[in-house]
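> Kindly generate the corresponding structure for this input.
(chains A, B, C, D, E and F)
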Protein chains: 6
Amino acid sequence: MLIHVINPNTSAAMTAGIGRAAERVAAPGTRIVAVNPADGPISIESHFDEAVAAVGVCEEILRGEAAGADAYVIACFGDPGLAAARELTKAPVLGIAQAAFQVAAMLATRFSVVTTLQRTVVIAEHLLAAYGYAHQCQRVRAAEIPVLELEDGAACSGILLAEARRARDEDGAGAIVLGCGGMADYAGTMGEALGIPVIDGVTAAVKLAEALVGLGLHTSKHGDYALPPAKPFAGRFQHLTRSA
Amino acid sequence: MLIHVINPNTSAAMTAGIGRAAERVAAPGTRIVAVNPADGPISIESHFDEAVAAVGVCEEILRGEAAGADAYVIACFGDPGLAAARELTKAPVLGIAQAAFQVAAMLATRFSVVTTLQRTVVIAEHLLAAYGYAHQCQRVRAAEIPVLELEDGAACSGILLAEARRARDEDGAGAIVLGCGGMADYAGTMGEALGIPVIDGVTAAVKLAEALVGLGLHTSKHGDYALPPAKPFAGRFQHLTRSA
Amino acid sequence: MLIHVINPNTSAAMTAGIGRAAERVAAPGTRIVAVNPADGPISIESHFDEAVAAVGVCEEILRGEAAGADAYVIACFGDPGLAAARELTKAPVLGIAQAAFQVAAMLATRFSVVTTLQRTVVIAEHLLAAYGYAHQCQRVRAAEIPVLELEDGAACSGILLAEARRARDEDGAGAIVLGCGGMADYAGTMGEALGIPVIDGVTAAVKLAEALVGLGLHTSKHGDYALPPAKPFAGRFQHLTRSA
Amino acid sequence: MLIHVINPNTSAAMTAGIGRAAERVAAPGTRIVAVNPADGPISIESHFDEAVAAVGVCEEILRGEAAGADAYVIACFGDPGLAAARELTKAPVLGIAQAAFQVAAMLATRFSVVTTLQRTVVIAEHLLAAYGYAHQCQRVRAAEIPVLELEDGAACSGILLAEARRARDEDGAGAIVLGCGGMADYAGTMGEALGIPVIDGVTAAVKLAEALVGLGLHTSKHGDYALPPAKPFAGRFQHLTRSA
Amino acid sequence: MLIHVINPNTSAAMTAGIGRAAERVAAPGTRIVAVNPADGPISIESHFDEAVAAVGVCEEILRGEAAGADAYVIACFGDPGLAAARELTKAPVLGIAQAAFQVAAMLATRFSVVTTLQRTVVIAEHLLAAYGYAHQCQRVRAAEIPVLELEDGAACSGILLAEARRARDEDGAGAIVLGCGGMADYAGTMGEALGIPVIDGVTAAVKLAEALVGLGLHTSKHGDYALPPAKPFAGRFQHLTRSA
Amino acid sequence: MLIHVINPNTSAAMTAGIGRAAERVAAPGTRIVAVNPADGPISIESHFDEAVAAVGVCEEILRGEAAGADAYVIACFGDPGLAAARELTKAPVLGIAQAAFQVAAMLATRFSVVTTLQRTVVIAEHLLAAYGYAHQCQRVRAAEIPVLELEDGAACSGILLAEARRARDEDGAGAIVLGCGGMADYAGTMGEALGIPVIDGVTAAVKLAEALVGLGLHTSKHGDYALPPAKPFAGRFQHLTRSA
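Residues are numbered from 1 along each chain as shown, chains lettered A, B, ... in the order given. Here you go, the predicted model:
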């Protein structure tokens, strides 16, 4: 089974880290290929960053189709381009936010999210509402760490752990969802320190992707996720033209 | 990995069928043990049947703990006893309704449920609301087939397929969720006939259980799913007494 | 009019207290019979306790049918077995949580619940959502008193009053709902001390039961609360077998 | 116990009918006084009718306070002036829509409303949402009978019954709520013909009012339903001036 | 274009202030006529005040129809009589609460309301829910200033600013909605002091009214806002009788 | 006042039509500049089309900032890139879906949407939920007309009118919202034929933009719509790099 894990930003270091996290949980027969678009923002911390990154995600799906991927993971917590990506392929496409919420909902009655910057909180809240998890999430908490600083483990682990502890003790959260694809490396030690499930979306999505492929199920091509209609694209996006 | 698949009713034939379905999708290293309580209703088609069956589910969890199960699946679409079961163990416990809704939500924007009797529709609708999937489910449809008649494949397959086709064509459902643990055998041929994902909760739950175990995550023991307080149980339930 | 007030746990002392509370508000023509199952947990403080107690509730309904009860009250705040109980009889069946929420909604725009242990908060929250009162409840507060310690009035009255005062002053609650069948004795003095309605579910349910019987209305036997289908029950639950 | 049943419109014939319905279910010690404002619309079939009638309701509350009423029923299905009325008195005030919804929710999982004109449907739908019953109501159906024609029993009973039968058979409603205070006389025969609970709000509200008074509870005077602030009223409403 | 700005209370000073605020933002071709009913409360701070004021609003609409008004603004934050007013005219009718919420929703993802007395908070909350803005409003805050004291700018501006600053800093509100028609004069300086949009409903409604008239759109006369049915009104409201 | 009306697709003919519609309703002092990206899909009929078009929308905002635009309208009914666009400017940014829903909510209690292809229905439904209008929209109806065929007035007007008539007569809609920026020319004649408000989002958004500018209000730069953080963009999007 070939899973393309798409880091929607253009930071190669973060892509490598996400790939390592994915491989750590992959089943024996699963091959992980971690990729990122050549074009787009170095990190995703705003609606604007998301909008641009979504195009890169779509292009990586098209590239993955050529490579024969069996499933895709979009490894940014805003799930940028998720609906568009699902239109472009019959293979299952997982967003790490949706995946993490689903896993949390099976392990605890209530969870909190610990994310990066305050300004991304609203993105997570919109997804919670759209996916149906708003009533199970106690609070989305910002650790006020910029995405690219997550690579500095020494500085970040204490801040994240403190915020997650507040989620457990003040929000009454039974589980913690990590709100950034770049936080995968922290889940294990945080879970041990807190004594509750700490869920990283990248690894969660990889295992759910394996599950869907294992069930022989595909993205519905009837209705809302059907292949996009054929039509010309102009200018810089001409290569995205779809012929009938 | 040892997964106990609990059929909450006392029909041994149905337990065997559920076990076979679970084994069909289990990963190489997964061992499936399909069990059912010795005590309780032969099928579950009412709130009353559910209430009695929930006790049997709890007892099977306790038995599974002794046997060292790594995860549990409750294979009845009302997810009877799910919250209680999650209290009793640190292992992940999956309900097939929650599992099927989650899988559907990753493959289509909208799904419909095809269940057995009209009187169980409200049970599915309550779960959709409680889990947060009400807005993604177009309709819960009853095929008006009693649970135990599901074993008669010749008679049932046409009825189920017709109802699911109506769901696709009239409801605009992009995926179908089968609303009974006894329908697992129908998913494959229905999916082929309809050209859209047809999701059986038993197999869905087995794969999600493997995913959770593969992630090293457990049911939260902080808060709402903590082990039940120690206390005496009287009479016929004396063996359930929990000492501190 | 004969009302069976069912204490779902097996504590005879608590049953007696609940019976006394019910009698205090019963109309002249109403006869209260307070009962509890012989089998089950001594108190209800977890989903597991609830699951087992629900069977006892059902059996008490069946016993009540033989005795000719005109209405039933399930006197535990999680309303365990309520839907199942309503299937088993044409007589009205009241849960004390639903009854208390309804009474509160007629007296104030917003109320708070004061319950026993933190781990039961989620049970009340699920009921608020299922019944449609989530938007009218400001907060469910736990006094951290185990159910059976409620009998110690000297120790508990101060704690409950302090928590209810916080509900009034911090939550802006116009009324307090007591979140346990064992709190009935505290409602009067708390209401006087706080100057706002303090609602005990047991007495509320008794008066609502009288109202429904007085209206000549019964539990609908069309659709979701119709009598359960006939079928065999196995083993220890064989006596619950329903013949057609 | 003295219950003032306020018909918010100025039709004396309708007031008399409502009074008779209320008396039919009143407990031995309950005295019913049916009243209507001297000023206002002859029937209530629009938001405008409601707005004017609400003033009459408030004035009847003030009159009732002088008469020592123990509880009030507002006998129009839009519950006009309900929040204002609750501010004006410590006695419980019941709206017949809220009362009927509560009774229905105790007897069936789903109900439908049968009301008068299509244009009043939205009023009922707003109340269902505001009170928290939207998810339990299958549909609000208009029989297209003007309010004052309800007195013509021969003409109306067939139309109402047909609409209620459609509610039972097409909506899957387990109970019917009658959507007008003038429909009280139809409830009994409709219930017998349909075999399901048919709930009239006037009688429902009378019995719930008795229940609240029997519990010794009053409208909360803390917060949102506190007595209105003292202040001058001008012109035609000068008599409503409240002094500190 | 003629816009009648209706101050629902009978305070002439407040009407004049509201009129001045409206004129400040009116387009060159817009004529503002600020009016108030001759009959009713001097200020609106309770459900009761609202109920009486709604009649005055309706009468001002009827007066406006005679004067040929092109649009109406109801300049009290509870939007009293809004639905009734919309029935009485084909011209657009704006409530200042709905107008302010709409403007806020176009400028920020989340806003808070700063209103007068705590007891009116529930009125704003009900409107937020009814209009669909509950999820975008972080909190409704009371400054505990009686409506008529708002005219004392020296005393009030500091209190309002402090409360709005808390909304920005503690609630994370990106915009502030002023919760009273009498607060129009404070919006400008508050917006400058806080650096975020501060929205006054009176001016917002005037500009939205201009927009609707400019679009050539009218209040729908099909269905729920159709003209009220013809019928007699009795007594003091006889002049409201509508003939067919 | 300078309003940039951005047609997110690359069809110059459609941009011209949208510009003409905008100019028809613009106030004397308003200057309309209709633009479209040079790069992207020729029409928007899928999530994928939307994702690519959103980048073009952002670039048009940046271009508009240089040109000194006072407000922006995104003239595609999915409001593609709306949140990102609001981050990029202090000027108000209107989406035509949000604008049309707001206008409809001021004119009728319930509306229906008539859009192009069935596959875009889900996009409108997601927006209705996200903006808070789901309870006011009766139904989103697809006329099954591809976007670019809307220019053929002879063929389309009958189809759109028939669908809108069904919305009025079967859904009980009091107003119709046109679900595509290319439908602006149809609103007038449809409104006359149906006798109810027919709302085109392009003209609605232009008038609401004028209103916001007239109020002196801007997009909040505090919190969720603050300017995006500075950061490098790679490859084809390098020009979007934001320096601190």
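> contacting residues around the nearest residue to A:Gly174 once chain neighbours are set aside?
Leaving aside its chain neighbours, A:Gly174 sits nearest to A:Ala108 (3.1 Å; criterion: C-beta to C-beta, 6 or more residues apart in numbering or on different chains). No exception for glycine: its C-beta is placed from N, CA and C like everyone else's. By C-beta atoms under 8 Å, 6 or more residues apart in numbering or on different chains, A:Ala108 lies in contact with A:Ala173, A:Gly174, A:Ala175, A:Ile196, A:Pro197, B:Thr219, B:Ser220, B:His222, B:Gly223, B:Asp224, B:Tyr225.
> do that again at 10 Å, thanks
Shown in contact with A:Ala108 (C-beta atoms under 10 Å, 6 or more residues apart in numbering or on different chains): A:136, A:173-177, A:196-197, A:199, B:86, B:219-225, C:122.
> Then A:Val35?
A:4-7, A:15, A:18-19, A:56, A:60, A:63-64, A:67, A:69, A:72, A:75.
> Out of the contacts of A:Ala108, list just those in helices.
Of these, the ones assigned to helices by DSSP state H are B:Arg86, C:Val122.
> Filter the contacts of A:Ala108 down to the ones in strands?
A:Ala175, A:Ile176, A:Val177, A:Ile199 (DSSP state E).
> Relative to E:Leu127, how far out is the second one?
For A:Ile176, the distance to E:Leu127 under the criterion C-beta to C-beta, to the nearest Å works out to 36 Å.
> Also the last one?
According to C-beta to C-beta, A:Ile199 and E:Leu127 sit 38 Å apart.
> Let me see the ranges of the strands in chain A.
Under DSSP E, chain A gives strands at A:2-6, A:31-35, A:40-41, A:71-74, A:93-95, A:111-115, A:137-142, A:175-178, A:198-200, A:233-234.
> orientation of the first one relative to strand A:31-35 in degrees?
Regarding strand A:2-6 and strand A:31-35, their directions subtend 20 degrees when assessed with axes from the mean of the first three to the mean of the last three C-alpha atoms, to 10 degrees.
> helices and strands around strand A:2-6, which ones?
helix A:12-25, strand A:31-35, helix A:47-67, strand A:71-74, strand A:93-95, helix A:201-214 (3 or more C-beta pairs under 10 Å, 6 or more residues apart in numbering or on different chains; DSSP states H and E).
> hey, C-alpha coordinates of it in CSV?
Only the C-alpha atoms of strand A:2-6 are listed here, as CSV (Å, rounded to 0.1, in the frame of the first residue of the first chain):
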residue,chain,number,x,y,z
LEU,A,2,1.4,3.4,-1.0
ILE,A,3,0.4,6.4,1.0
HIS,A,4,1.4,9.8,-0.1
VAL,A,5,1.7,12.1,3.0
ILE,A,6,1.5,15.6,1.6
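> quick one: strands adjacent to that strand?
Using DSSP bridges, the strands paired with strand A:2-6 are strand A:31-35 (parallel), strand A:71-74 (parallel).
> circling back: ok, which of the strands of chain A comes nearest A:Pro80?
For the strands of chain A, the distance to A:Pro80 is smallest for strand A:71-74, at 6.8 Å, taking C-beta to C-beta.
> Now the buried members of the contacts of A:Val35.
Buried by 16 or more other C-beta atoms under 10 Å in any protein chain shown: A:4-7, A:15, A:18-19, A:56, A:60, A:64, A:69, A:72, A:75, out of the contacts of A:Val35.
> mind checking how far the residue nearest to A:Gly174 is from B:Glu65?
A:Ala108 is 19 Å from B:Glu65, by C-beta to C-beta.
> and the lowest-mean-pLDDT helix or strand in chain A with chain B, contact?
Among the helices and strands of chain A, helix A:153-170 carries the lowest confidence by mean pLDDT, DSSP states H and E, at a mean of 93. Yes - contact between helix A:153-170 and chain B, assessed by C-beta under 10 Å from any C-beta of the partner chain, occurs at A:Arg168, A:Asp169.
> got a list of contacts for that helix?
Residues outside helix A:153-170 that contact it (C-beta under 10 Å, 6+ apart) are A:110-116, A:138-145, A:149-150, A:173-178, A:180, A:182-183, A:185-187, A:189-191, A:193-196, A:198, B:220, B:222-223.
> Excluding sequence neighbours, find me the nearest residue to A:His222.
Nearest to A:His222 is B:Ile196, by C-beta to C-beta, 6+ apart, at 4.6 Å.
> Please identify the residues of chain A in proximity to chain E?
So chain A meets chain E at A:His47, A:Gln118, A:Val121, A:Val122, A:Ile123, A:Glu125, A:His126, A:Ala129, A:Ala134 (C-beta under 10 Å from any C-beta).
> Kindly state the pLDDT recorded for the last one?
Translated: A:Ala134. The model reports A:Ala134 with a pLDDT of 96.
> wait, what's in contact with it?
By C-beta under 10 Å, 6+ apart, A:Ala134 lies in contact with A:Phe101, A:Glu125, A:His126, A:Leu127, A:Leu128, B:Gly132, E:His135.
> want to try JSON lines for those residues, with distance to A:Arg166 and neighbour count as columns?
Formatted as JSON lines, those follow (distance: C-beta to C-beta, whole Å; neighbours: other C-beta atoms under 10 Å in any protein chain shown):
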{"residue": "A:Phe101", "distance to A:Arg166": "20", "neighbour count": "27"}
{"residue": "A:Glu125", "distance to A:Arg166": "18", "neighbour count": "19"}
{"residue": "A:His126", "distance to A:Arg166": "23", "neighbour count": "18"}
{"residue": "A:Leu127", "distance to A:Arg166": "22", "neighbour count": "23"}
{"residue": "A:Leu128", "distance to A:Arg166": "19", "neighbour count": "21"}
{"residue": "B:Gly132", "distance to A:Arg166": "25", "neighbour count": "21"}
{"residue": "E:His135", "distance to A:Arg166": "24", "neighbour count": "17"}
